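Colleague: give the three-dimensional model of this entry:
(one chain, ligands or ions: 1)
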Amino acid sequence: MTHLTQPSPEGTRLGELWSILPEESGVDERGVLHIGGVSVEELAERYGTPLYVYDEAGLRRQIRRFVDGMAERWPNSEVLWASKSFPAAGMYRLAAEEGISVDVAGGGELRMALAAGVPPERLHLHGNAKTDAELAMALEAGIAVIIVDNEDELDRLERLLTKPQKLMLRVIPGVEAKTHASQATGGSDSKFGLPMDQALAAIERMRAHPLMEFEGVHLHIGSQILEVEQFAEAVEKISTAGEFETYDVGGGVGVKYTYSDDAPTVEAYLDAVVNAAREHLPADAKLMIEPGRSIVARAGVTLYRATTVKRTGRVFVAVDGGLADQMDAALTGQRFEALLANRATEPWTETVQLVGRQCESGDLLVDRAPLPAARVGDLVVTATTGAYGYTLANNYNGALKPAVVFVADGEARLVARRETYDEFLALHAPSL
Ligand SMILES: Cc1ncc(COP(=O)(O)O)c(C=O)c1O
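Modeller: Got it, this is the predicted structure:
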């Protein structure tokens, strides 16, 4: 068996990367990165690039940290994995196996969760613009809870309900989360949910309806939030909506993406939420949280091959993916860290623009990335890309959606295969 280590060679930044690479990673004696005991060379050879690679043991461990940590602190609780962060059937199945509940935010996610074996009684449905068809699908499947966003949705439910259904209501807490504007959802001008005064009217309406079983209120203040005090503030705000059986305080805890990010631990986050709940919520209420990013981000990396190395005004290392498989850099300005995964321990002597192959100057995966002098054919890994990468993958410039593999104990397994050009063209059959 290959001997793997997590070294900090001088002249590199590798030592600082171990805390943002998957937990089960290390380099062999040649300086090649392994994840889950499988080398990136083998993964690239077998599955091609770009490739989303996930440390399966790390995913399971992170789920347990949330589920067990919450159960210890507030026994009447439920942790939902926010599946928009990585909607792949293999991940839904893993969530089902670990017994974590799941939230979905659309018909496609709902279909995939059910197909992958998530029990309906563990599913919650979100969405600010749910259609009749999605609501009918959820009712037919018998999912646990629908989180109602607005009065129009109540009109729809009034028409569709034929049996009792548990409902919660999303409220706007008026918490301005300190994060990128596109990731803040709890401020007074949010498109999600109802402000407190309107929420009360909607709650009355649900309580008066014979088939609507109103359970409680929900909020979500935003994503990639690094200060846990903001979650405590959200709990305090939601308590002002009134006394209910259940409070769902959403997801949003931020993760460490870069050398310098200071992200809270799962324990610090849970302490902040639960301490605030002890102070502000009824002691017998059920408390729910919905982490997405913080469950899947660190366990996943994206593996690319360098296709061009160009030394012009800057040093450009261009890879065979880009914003088609990693939108977050362009969408939210998220910074990632990269490494040359086949020569990780060589001196990092250059500062490069790690760019993608899509026709946008904004297709910049990492600005000023320190790396060893790159060559065509090198393998490049961007760390902590397990959340929202697969979610936002698109066909820009005809890019094909990459494959996804899970690795554990020296074995890799394909959980989603790469899209093919035939599949890409098939949608256009009416014109061909
Ligand atoms: C309602 C809701 N819950 C949970 C989440 C998960 O957030 P995060 O992935 O930041 O934990 C989101 C993300 O947008 C959301 O909209």
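
Colleague: now whatever helix or strand Ala412 lives in: buried residues?
Modeller: Using DSSP states H and E, Ala412 sits within strand 411-416. Neighbour-count burial for strand 411-416, with 16 or more other Cβ atoms under 10 Å as criterion, is recorded at 412, 415-416. Using the backbone N, CA and C atoms, a C-beta is placed for each residue, glycine as well.

Colleague: hmm, who's touching it?
Modeller: Contact with strand 411-416 is made by 36-38, 42-43, 46-47, 54, 88-91, 390, 403-407, as judged by Cβ atoms under 8 Å, 6 or more residues apart in numbering.

Colleague: strands - which of those land there?
Modeller: Among these, the members falling in strands (DSSP state E) are 38, 54, 403-407.

Colleague: picking that back up, and which of the buried residues of strand 411-416 is nearest to Gly108?
Modeller: Ala416 (13.7 Å; Cβ to Cβ).

Colleague: domains for the protein, by residue range?
Modeller: Per the record, the chain has its domains at 14-48+299-426, 57-296, by automatic domain parsing.

Colleague: could you measure from Leu331 over to Ser182?
Modeller: In this structure, Leu331 and Ser182 are 6 Å apart, going by Cβ to Cβ, to the nearest Å.

Colleague: so for the two, which sits in the more crowded spot?
Modeller: The neighbour comparison of Leu331 against Ser182 (other Cβ atoms under 10 Å) goes to Leu331, with 15 against 12.

Colleague: please tell me the pLDDT value assigned to the more buried one.
Modeller: Confidence at Leu331, expressed as pLDDT, is 89.

Colleague: numbering from 5 from now on, please.
Modeller: All right, first residue 5 from here; so that's Leu335.

Colleague: quick one: the strands in the stretch 255-404 of the chain?
Modeller: Applying DSSP state E, counting those that start in this stretch to the stretch 255-404 of the chain gives strands spanning 290-293, 304-315, 319-323, 342-344, 354-359, 368-375, 383-386.

Colleague: report all helices and strands that the second one contacts.
Modeller: Contacts of strand 304-315 with other secondary structure elements, assessed using 3 or more Cβ pairs under 8 Å, 6 or more residues apart in numbering; DSSP states H and E, are made with helix 44-51, strand 55-59, strand 319-323, strand 383-386.

Colleague: ok, and what's touching the shortest one?
Modeller: Applying Cβ under 8 Å, 6+ apart, the contact partners of strand 383-386 are 25, 37, 44-45, 48, 53, 305-310, 321, 323, 330, 340-346, 358, 369-370, 378.

Colleague: which non-adjacent residue is nearest the most centrally placed residue in the chain?
Modeller: Centroid-nearest residue in the chain, with Cα atoms, centre = their mean: Ser89, separated by 2.5 Å. Spatial nearest neighbour of Ser89, excluding adjacent residues (Cβ to Cβ, 6 or more residues apart in numbering): Gly296 at 3.3 Å.

Colleague: ditto for Gly255
Modeller: The nearest residue in space to Gly255 (Cβ to Cβ, 6+ apart) is Glu294, at 4.0 Å.

Colleague: quick one, what contacts that neighbour?
Modeller: Contact analysis of Glu294 by Cβ under 8 Å, 6+ apart lists 83-86, 107, 224, 252, 254-255.

Colleague: the ligand contacts on the stretch 105-254 of the chain?
Modeller: Contact residues, the stretch 105-254 of the chain versus the ligand (Cβ under 6 Å from any ligand atom): 130, 224, 227, 254.

Colleague: taking these together, which two end up most distant?
Modeller: Maximum pairwise distance among those (Cβ to Cβ): 13.4 Å, between His130 and Ser227.

Colleague: dihedrals phi and psi, the nearest residue to Ala245 once chain neighbours are set aside?
Modeller: Leaving aside its chain neighbours, Ala245 sits nearest to Val221 (4.9 Å; criterion: Cβ to Cβ, 6+ apart). Dihedral pair for Val221: phi -110, psi 160, per degrees, to the nearest 10.

Colleague: report how many residues lie close to Val221.
Modeller: Counted with other Cβ under 10 Å, the neighbours of Val221 add up to 25.

Colleague: surely it meets Met172?
Modeller: Yes. Val221 is within contact range of Met172, at 6.4 Å (criterion: Cβ atoms under 8 Å).

Colleague: so what sits against both of these two?
Modeller: 250, 252.

Colleague: check which residues of stretch 96-112 are buried.
Modeller: Within stretch 96-112, the residues scored as buried using 16+ other Cβ under 10 Å are 96-100, 102, 104-111.

Colleague: and the furthest pair within the residues you listed?
Modeller: Using Cβ to Cβ, the buried residues of stretch 96-112 reach their maximum pairwise distance at Glu102 and Gly111, which is 24.3 Å.

Colleague: how many residues are close by the residue in the stretch 55-204 of the chain that the ligand sits nearest to?
Modeller: As assessed by Cβ to the nearest ligand atom, the ligand sits closest to Ala86 within the stretch 55-204 of the chain, at 3.4 Å. Counted by other Cβ under 10 Å, the residues lying close to Ala86 total 26.

Colleague: could you do Thr312 as well?
Modeller: Around Thr312 there are 13 other residues, counting by other Cβ under 10 Å.

Colleague: also Leu37?
Modeller: 30.

Colleague: need the pLDDT of the closest residue to it other than its chain neighbours.
Modeller: Nearest in space to Leu37, with sequence neighbours left out and distances taken as Cβ to Cβ, 6+ apart, is Ala345 at 4.1 Å. Per-residue pLDDT puts Ala345 at 98.

Colleague: in this structure Ala345 contacts Val44, no?
Modeller: Yes. At 4.4 Å, Ala345 counts as touching Val44 under the criterion of Cβ under 8 Å.
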